[in-house]
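Q: can't give you the sequence, but here's the structure:
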């Protein structure tokens, strides 16, 4: 009987629910797009690049996922250098004083197949407020080139910039700012065993 206990325990451990694995956000294939209404005339926007962070994700149990993201404000780009400089000035984001925006998830709710709500804390301009993203899981599987597990998402939300202390020029640019995030993440490659 004692000889059976260890194999049974090992079998139960191996057959139990999978745990979330650590993924690294792929900065080369992740973009944060933002749009706002300018003076009631045109929906303008830009993007934030150089996104970094980590994701704990289990494709079988996405509700147990979590994510932590950092975005340098210096990576803001509208395609108009003078506008980029103005947005990063003290009139708006004051990037010299508040160089990084971030998001840390608190709860993930499964809404249906490949559909999630991800609630968490967003920090912009040194102000932290709760935000909920609507998330679609585009694909999860083995990356064809990197040969490691990978996952891709689309996430959207709308924030009021004034709630983050970025309330300048509200008569010219809308308070509502739409965010759309296209994100890829991969598990890091296992480290090669040292040569003997």
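A: Sure, I can see it. Being a predicted model, the structure only gives us computed values, none of them experimental.

Q: please list all residues in contact with the residue positioned nearest the centre of the chain.
A: When Cα atoms, centre = their mean is applied to the chain, the residue found nearest the centroid is residue 69 (5.3 Å). Counting by Cβ atoms under 8 Å, 6 or more residues apart in numbering, residue 69 touches 25, 51, 52, 53, 102, 103, 104. Using the backbone N, CA and C atoms, a C-beta is placed for each residue, glycine as well.

Q: just the ones in strands from those residues, please.
A: Counted as lying in strands by DSSP state E, out of the contacts of residue 69, are 25, 52, 53, 102, 103, 104.

Q: which one of those is nearest to residue 143?
A: residue 25 (13.7 Å; Cβ to Cβ).

Q: show me where this structure has its strands.
A: Under the criterion DSSP E, strands of the chain are mapped to 21-25, 31-38, 42-48, 52-57, 66-72, 76-77, 100-112, 115-124, 127-142, 149-160, 176-186.

Q: which single one of the contacts of residue 69 is nearest to residue 165?
A: Nearest to residue 165 among the contacts of residue 69, with distances taken as Cβ to Cβ, is residue 102, at 14.9 Å.

Q: so for that closest one, what's the pLDDT?
A: Residue 102 is assigned a predicted lDDT (pLDDT) of 98.

Q: report how many residues lie close to it.
A: Neighbour count of residue 102, defined by other Cβ atoms under 10 Å: 16.

Q: where in the protein is pLDDT low?
A: The model of the chain has pLDDT under 70 over residues 1-19, 192-196.

Q: can I get the strands of the chain in JSON lines including distance to residue 83?
A: Converted to JSON lines, the strands of the chain look like this (distance: least, Cβ to Cβ, whole Å):
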{"stretch": "strand 21-25", "distance to residue 83": "27"}
{"stretch": "strand 31-38", "distance to residue 83": "10"}
{"stretch": "strand 42-48", "distance to residue 83": "8"}
{"stretch": "strand 52-57", "distance to residue 83": "24"}
{"stretch": "strand 66-72", "distance to residue 83": "18"}
{"stretch": "strand 76-77", "distance to residue 83": "9"}
{"stretch": "strand 100-112", "distance to residue 83": "18"}
{"stretch": "strand 115-124", "distance to residue 83": "18"}
{"stretch": "strand 127-142", "distance to residue 83": "22"}
{"stretch": "strand 149-160", "distance to residue 83": "20"}
{"stretch": "strand 176-186", "distance to residue 83": "15"}
